[in-house]
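Chemist: Okay, sequence plus prediction incoming.
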Amino acid sequence: TLAESKYYHADGTFHTKTRYMGQMYVIHAYFPYKDFENDDLVWVKRMIPCAWFFMRRRRIKDYIKILLALKKEAQNYYLELNPLYVMMDFEIAAKKGFEYVFPSIIVRGCLFHFGQTLFKNLMKIGLKHGQFTVRMWNHFDNSYKRTNNRVEGDNNKMKRYCGGANPNIDKAVRLLQQYESASSDNYKNAKKNS
């Protein structure tokens, strides 16, 4: 599914991670289908969670490692991952990881999270030199999506489905297998109906 998409959305979640991991990082594929009548249905069918990573740390080299592993796994199936865009929260390490593994990718920051981060940091430290380019947070001429809200919603759905914070690894893997199966079915149905 990721090989068929040029648009990725990525986000980390802390609630459904296992006890000894720092986060679970999820990469979604986005498909701009335009022929659905019910807009809610379009959103559910368009954003497909495809890859989950349990990460102990969130350094640049950790993101590079998982993205290279994902790329290699795709190559094992004679698939090529070549995204044009990735929408994410404002995490410098994740941004640099994507830019390293996919040098021509355009990284866009979620507008909602930008506002949230801006407000939080202004309250904490005041103004200082920014760590993100204007291109990442300015959506004025952006014809692509402006927020990562679908990914956040998906993480919340997983959180409810999980039934509690920090499941053991067996429960987490079973959860992801069930979730991936349902997501794959949604994608196949959307593709068949488009």
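Modeler: Everything's here; your move. Residues are numbered from 1 along each chain as shown.
Chemist: Could you confirm F53 falls within a strand?
Modeler: Yes: counting by DSSP: H, G, I helix; E, B strand; the rest coil, F53 is located in a strand.
Chemist: quick one: contacts for it?
Modeler: Residues in contact with F53 (C-beta atoms under 8 Å, 6 or more residues apart in numbering) are 24-26, 66. Placement of C-beta: from N, CA and C, glycine included.
Chemist: Distance-wise, check it relative to K171.
Modeler: Distance, F53 to K171, using C-beta to C-beta, to the nearest Å: 17 Å.
Chemist: What residues of the lengthiest helix in the chain count as buried?
Modeler: In the chain, with assignment by DSSP state H, the single longest helix is helix 169-193. For helix 169-193, burial by neighbour count (16 or more other C-beta atoms under 10 Å) applies to 172, 175-176, 179-180, 183, 186-187, 190.
Chemist: Helices along the chain, start to end?
Modeler: With DSSP H as the criterion, the chain has helices spanning 39-46, 60-76, 92-101, 111-125, 134-137, 149-162, 169-193.
Chemist: Packing partners of the second one?
Modeler: The contact analysis (3 or more C-beta pairs under 8 Å, 6 or more residues apart in numbering; DSSP states H and E) places helix 60-76 against strand 23-30, strand 47-55, helix 92-101.
Chemist: any idea of the mean pLDDT for that helix?
Modeler: Regarding helix 60-76, the rounded mean pLDDT is 97.
Chemist: That one relative to strand 23-30, how many degrees between them?
Modeler: On the basis of axes from the mean of the first three to the mean of the last three C-alpha atoms, to 10 degrees, helix 60-76 is oriented at 50 degrees to strand 23-30.
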